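**Student:** Quick one, fold the following:
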Amino acid sequence: MPRAVKFSRYGGPEVLEVVEVPRPKAGPGEVLVRVVVAGVNPGEAGIRQGVFADMWPAVFPEGQGNDFAGWVAELGDGVSEFAVGDEVIGYLPRRAQADYVVSPADVLAPKPADISWEAAAPLSAVGVTAWAAVDAVEPAAGDT
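**Tutor:** Numbers count the residues shown, from 1 in each chain. Prediction:
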C-alpha cells in the first residue's frame, strides 16, 4: 500500500508519521505521479509547528511537503501533454511527501534531463520564489 507523511497535531518533526494511504487515481485533466524526491521548506515547517495557524491552518490529518520530482504513472482523461514514464516536477501544497500524488497536468513541468532528482525537486518552489523576487524589485536594463 502507498505511504504518505502526515501529522495530526502541531509540533516539531516528532509529530510526523508515515502512514499507509489508498493509491490515488488521476481524474480528468490530472496526472498521477510516482514521487522520487520530495522536499520541505522552512515555511512548511512553520505550518507544521502552528506558527502560521491563523493564516494557513492545518486540516488534520495534514500532509507534508510542497515540491516534488517523479515520473508519470497514470494519465487522467484529456491529458495529452505528458505520457506514462515522463519525468516531471511539480508543486502541491502539503501533499508532496508521499509515494504518489495527483496533480493537475497544467502545474507540472518536465524534469530537466541533465540534473539529479534531488536538484530537480525544489525547482518549482525555488523558481517561483526567484521569479517573485525579480518581479518585486522590477530590475531595469543594466541593473545587477
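**Student:** Run through the residues that contact Pro22.
**Tutor:** With contact taken as CB atoms under 8 Å, 6 or more residues apart in numbering, Pro22 is in contact with Met1, Pro2. All C-beta spots, glycine's among them, are computed from the backbone N, C-alpha and C.
**Student:** now Asn41
**Tutor:** Applying CB under 8 Å, 6+ apart, we find Asn41 in contact with Asn66, Asp67, Pro122, Ala125.
**Student:** what does the longest helix anywhere in the chain rub up against?
**Tutor:** As assigned by DSSP state H, the longest helix anywhere in the chain is helix 123-137. Helix 123-137 is touched from outside by Gly39, Asn41, Asn66, Asp67, Ala69, Ile89, Gly90, Tyr91, Ala109, Pro112, with contacts defined as CB under 8 Å, 6+ apart.
**Student:** quick one: buried residues of stretch 5-24?
**Tutor:** Using 16 or more other CB atoms under 10 Å as the test for burial, stretch 5-24 gives Val5, Lys6, Phe7, Tyr10, Leu16, Val21, Pro24.
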